[in-house]
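*Asks:* Pasting the sequence and the predicted coordinates here, then a few questions.
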Amino acid sequence: SAVNLVILKQQGVLEKRFPGTRVSWLEFPAGPQLLEALSVGSLEFGLTGDSPPVFAQAAGKDLLYVGAEPPKPDSSALLVLKDSPLRTLADLKGRRIAVQKGSSAHYLLVKAVERAGLQWADIQPVYLAPADARAAFERKSVDAWAIWDPFYAATELAIQPRVLATGRDLASSNNSFYLAARPFVQAHPQVLRVLFDELSRADRLAQEARKDAIKLIADFSGLDAGVVSLFIQRRPSSPVDVLGPTTVADQQRVADAFFKLGLIPKPVNVADIVWRPAARS
């Protein structure tokens, strides 16, 4: 979840750094919806997990990867209900699994199927946005649910599901990316540098003044402080920087996996849309 961005919003940091500039904050249920808004010009900058930009690039959307946060391997999971007969990843065969199409959880599910020694055709993905997925999960119209925080934390505290696997179990890199509209990047590269500095400062607050961070995020999201506390606890330090070669290679693996399964229509070269800023003078 966009912890660093939420802290910036709640503290009014950007409004102070860029006096006279109107800053609009828009919320989306998941990355695919956010990138759609970015690609049609109704948004200039946003954060998603690893999969949404792959689907956006494959669909020809004109976006740039401008920054990244380190992996959060404990922040997403494949859940089953407490009384579920499913005990191992191999038990997913033939089962209905809820997931937001094109989200980071979609790649988590790809990795889970691979780890189980199954084919993608062996499972029945049920493509649902997080709120609908949780409802389907609770009423048992799906057998499992691939999901990320804070939805994962909220469900964990409310109904104590069992965790079949997390990103850590599946060696899913689970990076988070900041994407921006190309015209914005070309016109305002210096704004991105300020944004990254402030996002990294917000991250230090989340690490060092946890109670303050929990309050800011709970006030913004309406989530229970216990839920916020749980997902902040398993979130590692997440400073923001431009993409290095390792991160680009991680992301290329995500793109290749989706293409191999026929989930995107053509192969994509991630490096083609990675922002390469001029060195700081």
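*Replies:* Arrived safely.
*Asks:* drop to CA atoms for contacts and neighbour counts, all remaining ones
*Replies:* Will do.
*Asks:* ok, which stretches of the stretch 51-200 of the chain are strands?
*Replies:* Ranges of strands in the stretch 51-200 of the chain, per DSSP state E, counting those that start in this stretch, are 63-69, 76-80, 96-99, 124-127, 144-148, 162-166, 176-181.
*Asks:* Turn those strands into CSV, including mean pLDDT, mean neighbour count and distance to Arg204.
*Replies:* Output for the strands of the stretch 51-200 of the chain, formatted as CSV (pLDDT from 0 to 100; neighbours: other C-alpha atoms under 10 Å; distance: least, C-alpha to C-alpha, whole Å):
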stretch, mean pLDDT, mean neighbour count, distance to Arg204
strand 63-69, 96, 25, 13
strand 76-80, 97, 26, 22
strand 96-99, 98, 25, 31
strand 124-127, 98, 18, 35
strand 144-148, 97, 28, 22
strand 162-166, 97, 20, 25
strand 176-181, 96, 24, 17
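*Asks:* What is the end-to-end distance of stretch 174-189?
*Replies:* With C-alpha to C-alpha, to the nearest Å as the measure, stretch 174-189 spans 26 Å from end to end.
*Asks:* can you list the residues that contact it?
*Replies:* 38-39, 41, 43-50, 62-73, 104, 167, 192, 247, 277 (C-alpha atoms under 8 Å, 6 or more residues apart in numbering).
*Asks:* Now with 6 Å, please.
*Replies:* Contacting residues not belonging to stretch 174-189 are listed as 44-50, 63-72 [C-alpha atoms under 6 Å, 6 or more residues apart in numbering].
*Asks:* now swap in stretch 79-89 and tell me
*Replies:* Contacts for stretch 79-89 (C-alpha under 6 Å, 6+ apart): 116, 144-145, 161-164.
*Asks:* Show the low-confidence segments of the protein, by residue range.
*Replies:* 1, 172, 279-281 (pLDDT under 70).
*Asks:* Flag every buried residue along the top helix by length along it.
*Replies:* Assignment by DSSP state H gives helix 189-208 as the longest helix of the chain. For helix 189-208, burial by neighbour count (16 or more other C-alpha atoms under 10 Å) applies to 192-193, 195-196, 198-207.
*Asks:* Any chance of those residues in TSV with distance to Pro265 as columns?
*Replies:* Output for these, formatted as TSV (distance: C-alpha to C-alpha, whole Å):
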residue	distance to Pro265
Leu192	31
Arg193	34
Leu195	34
Phe196	33
Glu198	37
Leu199	34
Ser200	36
Arg201	39
Ala202	38
Asp203	36
Arg204	40
Leu205	41
Ala206	39
Gln207	40
